[in-house]
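Engineer: Need a 3D model of the sequence below.
(one chain, ligands or ions: 1)
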Amino acid sequence: MEVKICGITRVSDLKVAEKYGADYIGFINVKRSPRFVNIEKIKHLLSHLKNKNKAVLVLEPKTVKEVIDKYKQTGIKNIQLHSLSPKDIENLKEYDLRIIRAIGISNNISKKLKNEIIKFSKLCDALLLDYKLKGKTGGTGIEIPFNLAKKASKIAKNANKNLKVYIAGGMSPEKVKSKQNIFKMFFDGVDFNSSLESSPGIKIHKKIIEAINSAKKC
Ligand SMILES: O=C(O)c1ccccc1N[C@@H]1O[C@H](COP(=O)(O)O)[C@@H](O)[C@H]1O
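Structural biologist: Numbering: from 1, shown residues only. Okay, here's the model as predicted:
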């Protein structure tokens with residue numbers, strides 16, 4: 001399985017994640033996040049990443065223009081979106097970007113959410129299933145009920161066979177280890193964030209390594 005280590009704010013954390021085989025390394029440029037890093041800081045962190053294709057820019061933009069501007073400033077092509085409509089995403093098609101759309105799930109998959117999953121699946125390169133709390137996704141540290149995550153993955157894959165589906169929301173090495181076989185069946189990758197930290201944005205190196213190893217065994 002692919003592994004993303006998200007919420008990187010320190011060079012030392014980035015180096016451990018890259019050295020031990022993370023496929024993706026996420027920088028959160030969302031103001032409400034305690035892991036927020038500004039564009040200058042992202043450029044600095046990026047300068048320490050050997051493989052720039054591993055970088056993921058996490059955004060919650062109000063406009064398509066904001067995405068394009070930030071892509072041009074950083075050169076990061078993997079864009080994780082915690083906002084924007086299907087129409088907005090269509091408008092991003094002319095750029096050579098890899099779009100990962102976060103899908104918020106709490107305690108059910110309504111007809112409306114099912115339709116949303118189908119629409120985004122057809123337009124995006126990947127979906128990131130994440131827990132939705134008070135209308136927002138990202139950094140909650142809360143796991144989606146597993147049966148709902150599996151259901152969402154099936155809906156998404158039926159809509160687009162080439163789509164990657166990532167699981168996020170309170171993912172820890174222990175949780176991944178305990179569900180290795182099922183993870184492999186339903187998800188293409190796992191996203192680790194707050195469970196690896198001593199405080200927001202400060203990752204514990206031993207946990208980064210355990211997280212990568214747990215997902216690579218799936
Ligand atoms: O981590 C944040 O603070 C955050 C804020 C706003 C948008 C995204 C954010 N993080 C993303 O949230 C998921 C899940 O995080 P967690 O494991 O529940 O802590 C992860 O993909 C981060 O990219």
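
Engineer: Phi, psi for Leu133 please.
Structural biologist: phi -130, psi 130 (degrees, to the nearest 10).

Engineer: Near the closest residue to it other than its chain neighbours, how many other residues are there?
Structural biologist: Excluding the flanking residues, the one nearest Leu133 by C-beta to C-beta, 6 or more residues apart in numbering is Thr140, at 4.8 Å. No exception for glycine: its C-beta is placed from N, CA and C like everyone else's. Thr140: 20 surrounding residues under other C-beta atoms under 10 Å.

Engineer: List the residues that contact Thr140.
Structural biologist: Asp130, Tyr131, Leu133, Gly169, Gly170, Ser194 (C-beta atoms under 8 Å, 6 or more residues apart in numbering).

Engineer: What of Ile118?
Structural biologist: With C-beta under 8 Å, 6+ apart, Ile118 has these contacts: Ile155, Ala156, Ala159.

Engineer: re the thing from before, which one among the contacts of Thr140 gets closest to the ligand?
Structural biologist: Ser194 (3.1 Å; C-beta to the nearest ligand atom).

Engineer: wait, doesn't the closest one sit right on Pro200?
Structural biologist: Yes - if you go by C-beta atoms under 8 Å, Ser194 and Pro200 touch, sitting 7.2 Å apart.

Engineer: what touches both of these two?
Structural biologist: Between them, Ser194 and Pro200 share these contacting residues under C-beta under 8 Å, 6+ apart: Gly7, Gly139.
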